[in-house]
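J.: Here you go, sequence then predicted model.
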Amino acid sequence: MAAEGRRGPGRAEMTGDRYFTPADVDALIPALTEIVGRLIAAHREATEVRERLQAEQRRIALAGGGVLDAGAWRADRDRLERLDGELRRALHEIGALGGVVKDLGMGLVDFPHLRDGCEVNLCWRHGERRVGYWHGLDEGYASRKPL
């Protein structure tokens, strides 16, 4: 894979000190699809578990106390810990590939790219077969432009 050195303070530690071409990102899409799929699923389930725990806390607070199903509470807390671990692992895997996750729910991943001499991000979304968009460093998904 072709890579050029990165410029600018604080950039190297985020993305592995390289720029990506669209072909570089396209080559990563099979791995990204699997990893980001796991990330989305773990994020969705962790959100559900957190909401269930928060609803139970609200129920008990509104009732001025109450009976707690300690086994179910512990199971949810344990599941949440495992899911948080899965999220951290998936984020690390994507970072090791050189990507930066921008949205867990949508499965957005950016990769640093040089376009006309300017540093921008190639923007890939889970489910896309190829990277087909880019945006400026201070822009996001809504500002994606076709390559």
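T.: Thanks, I have it.
J.: Now do the residue nearest the centre of the chain against R88, distance only.
T.: In the chain, the centroid-proximal residue (C-alpha atoms, centre = their mean) is V101; its distance is 3.5 Å. Distance, V101 to R88, by C-beta to C-beta, to the nearest Å: 11 Å. Glycine gets a C-beta too; all of them are placed from N, C-alpha and C.
J.: now do G98
T.: On the measure of C-beta to C-beta, G98 and R88 end up 18 Å apart.
J.: for the residue lying closest to E128 once chain neighbours are set aside, what are its contacts?
T.: Leaving out its chain neighbours, the residue that sits closest to E128 by C-beta to C-beta, 6 or more residues apart in numbering is I29, at 7.7 Å. I29 sits next to 124, 128-131 when contact means C-beta atoms under 8 Å, 6 or more residues apart in numbering.
J.: which stretches of this protein form strands?
T.: Here the chain has its strands, by DSSP state E, at 100-103, 108-115, 118-125, 133-136, 145-146.
J.: what's next to the second one, contact-wise?
T.: Applying C-beta under 8 Å, 6+ apart, the external contacts of strand 108-115 come out as 4, 6, 11, 15, 18-22, 24-25, 32, 36, 94, 98-102, 119-126, 131, 134-135, 141.
J.: mind listing what's buried in that strand?
T.: 108-113 (16 or more other C-beta atoms under 10 Å).
J.: Now pLDDT too, for these, in JSON lines please.
T.: Formatted as JSON lines, those follow (pLDDT from 0 to 100):
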{"residue": "L108", "pLDDT": "97"}
{"residue": "V109", "pLDDT": "98"}
{"residue": "D110", "pLDDT": "97"}
{"residue": "F111", "pLDDT": "98"}
{"residue": "P112", "pLDDT": "97"}
{"residue": "H113", "pLDDT": "97"}
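J.: Tabulate those (a markdown table), appending distance to W73.
T.: Below are the buried residues of strand 108-115 laid out as a markdown table (distance: C-beta to C-beta, whole Å):
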| residue | distance to W73 |
| --- | --- |
| L108 | 33 |
| V109 | 34 |
| D110 | 38 |
| F111 | 41 |
| P112 | 43 |
| H113 | 46 |
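J.: Just name the closest of these to I40, please.
T.: Proximity of these to I40 (C-beta to C-beta) peaks at L108, which lies at 10.4 Å.
J.: Please name the nearest non-neighbouring residue to that closest one.
T.: Once flanking residues are discounted, L108 sits nearest to K102: 4.2 Å by C-beta to C-beta, 6+ apart.
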